[in-house]
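Trainee: Just to be clear, the model below is a prediction. Sequence and coordinates:
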Amino acid sequence: DMSAFTAREGPTAMTPSDRRDTGKTAAPASAMGAVSNIPLEYGGGHVSAISSKGKWMVLLAAFLGWMFDGLEMGIFPLVARPALENLLGAMDPATLARQVQKWHGIIDALFLLGAASGGLIFGWFGDRIGRVKAMSISILVYSLFTGLCYFAQSPLQIGLLRFISAIGMGGEWSLGVALV
């Protein structure tokens, strides 16, 4: 089990005096090459290998998040036109079509700006509190504000809610890539 091995940063194993101080065992020099291929988590001056199960769980979580992001991005254009037509109310068909097209463009632009902002915000946040906690918060933000779109009473409200939900989605994308 490679997760039991610890080493100082660098290519050499711990010295016997280090083992007395920490109570940890050092990896044999031949095993150090194998350990260096495993993603490492830093803490307290030592590095430890992440378990194989942990790596698969991170990959699964990122995959499911990206899959649902893609599903939502595919569904929104299908429901946007009828929703905008309903919110904009009764007007002549030509004016309604122009208004729907205008608001659809604004909402899409806000979504893209939110996603880019979310990558920056949650990337910074992940460095401060940890990537797993930050990713959990980003998923909560994305899910909550996507759900709140149901209650929107105007195209502007949809745009603002989509902007905030995209901040969560952008955080999920960036943190998921960093974790995988």
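Mentor: Structure's in. What do you need?
Trainee: Need phi/psi at the residue in the chain sticking out farthest from the centre.
Mentor: Within the chain, D92 marks the point farthest from the mean C-alpha position, 42.5 Å out by CA atoms, centre = their mean. Backbone torsions for D92, taken as degrees, to the nearest 10, come to phi -60, psi 150.
Trainee: Just the pLDDT for the closest residue to V180 other than its chain neighbours.
Mentor: Using CB to CB, 6 or more residues apart in numbering and skipping the chain neighbours, the partner closest in space to V180 is A62 (5.1 Å). (C-beta placed from N, C-alpha, C; glycine too.) A62 carries a pLDDT value of 81.
Trainee: cool, the one 3 residues further on as well?
Mentor: For G65, the model assigns a pLDDT of 81.
Trainee: and L60, how many residues sit next to it?
Mentor: L60: 10 surrounding residues under other CB atoms under 10 Å.
Trainee: Oh, that last question was meant for W124, not what I typed.
Mentor: 12.
Trainee: Which positions in stretch 111-128 come out as buried?
Mentor: Buried positions in stretch 111-128, judged by neighbour count with 16 or more other CB atoms under 10 Å: F111, G114, A115, S117, G118, G119, I121, F122, G123, F125, G126.
Trainee: Output the residues you listed as a markdown table; include the columns distance to K55.
Mentor: Listed next are those as a markdown table, based on distance: CB to CB, whole Å:
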| residue | distance to K55 |
| --- | --- |
| F111 | 31 |
| G114 | 30 |
| A115 | 26 |
| S117 | 29 |
| G118 | 25 |
| G119 | 23 |
| I121 | 26 |
| F122 | 21 |
| G123 | 21 |
| F125 | 23 |
| G126 | 18 |
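Trainee: can I get those in TSV with pLDDT and secondary structure?
Mentor: Shown next, in TSV, are those (pLDDT from 0 to 100; DSSP: H, G, I helix; E, B strand; the rest coil):
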residue	pLDDT	secondary structure
F111	95	helix
G114	96	helix
A115	94	helix
S117	96	helix
G118	96	helix
G119	94	helix
I121	96	helix
F122	95	helix
G123	92	helix
F125	94	helix
G126	93	helix
